[in-house]
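Student: have a look; sequence and predicted model below, questions after that.
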Amino acid sequence: MRFLGHPVHPMLVHFPITLWTIAVIAHVASAVGVLEAADKIARISNSAGLIMALFAMVTGGHELRTIDGRSKAMQVATWHMLLMAAAWFCFVAALILHLLPGSGRSLSLDCALAGFLLMIAGAWLGGRLVYDLGVAVKDRGEPPKIEIAD
C-alpha cells in the first residue's frame, strides 16, 4: 500500500512504537510513585498505541503480499509479524490488567515490559527487512545526487 509513491507501513509504525514506549515509562513511573498522572498517561498512550498498531498491521499485511514466499525476506517478515503481534497482545493484556484493581497493576507493568521487549525485537527485524533485504525499496542503486543552488 503506497501513498504518493511511498509505502504506508513505515509511515505508521513510528506511532505505536512511540506511544508504547511512553506507556512503559508511565507504567514504571506509576509503579515507583514518581508521577500522579502516570496511570492515566499509561492507559491513554497504550490505548492509542493499540489503535495505531492496527493500522500499521493492516498496511504491513498488504506489504507482505509483495514478498516472494520462498525468500529470506519472507522468513524475516514472518518473524517480524509474529513478534509484533505478540507485542500487541501483551499491550492489550497490560491495558486490561491496568483497569483491574489490586494486583492487576503489577501484572500490567510486567505485560507492558514484555510487550516492549517483543516490540524492540520485531522493530529490529522490520528495519532488517528494509535496510538489509530491500523490502519496499524502489531502487537499490546509487542514491540520487542532490544539487544545492547557491
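Tutor: Received, thanks.

Student: and the host helix or strand of Arg43, which residues are buried?
Tutor: Assessed by DSSP states H and E, Arg43 sits inside helix 38-64. Using 16 or more other Cβ atoms under 10 Å as the test for burial, helix 38-64 gives 38-39, 41-43, 45-50, 52-53, 55-57, 59-60, 63-64. All C-beta spots, glycine's among them, are computed from the backbone N, C-alpha and C.

Student: same question for stretch 21-36.
Tutor: Going by 16+ other Cβ under 10 Å, stretch 21-36 has these buried residues: 22-30.

Student: what's the lowest-pLDDT member of those residues?
Tutor: Within the buried residues of stretch 21-36, the minimum per-residue pLDDT falls on Ser30 (88).

Student: that one - that's part of a strand, no?
Tutor: No - Ser30: not assigned to a strand; according to DSSP: H, G, I helix; E, B strand; the rest coil it is helix.

Student: quick one: contacts for the closest residue to it other than its chain neighbours?
Tutor: Nearest-residue entry for Ser30: Ala38, 3.7 Å, with adjacent residues in sequence omitted and distances by Cβ to Cβ, 6 or more residues apart in numbering. Each residue near Ala38 by Cβ atoms under 8 Å, 6 or more residues apart in numbering is listed here: 26-27, 29-30.

Student: what do you get if the cut-off is 7 Å, keeping everything else the same?
Tutor: 26, 29-30 (Cβ atoms under 7 Å, 6 or more residues apart in numbering).

Student: out of the residues you listed, which one sits closest to Leu95?
Tutor: Nearest to Leu95 among the contacts of Ala38: Ala26, at 12.1 Å, using Cβ to Cβ.

Student: isn't that closest one right up against Lys40?
Tutor: No - in this structure Ala26 lies outside contact range of Lys40 using Cβ atoms under 7 Å: 8.3 Å.
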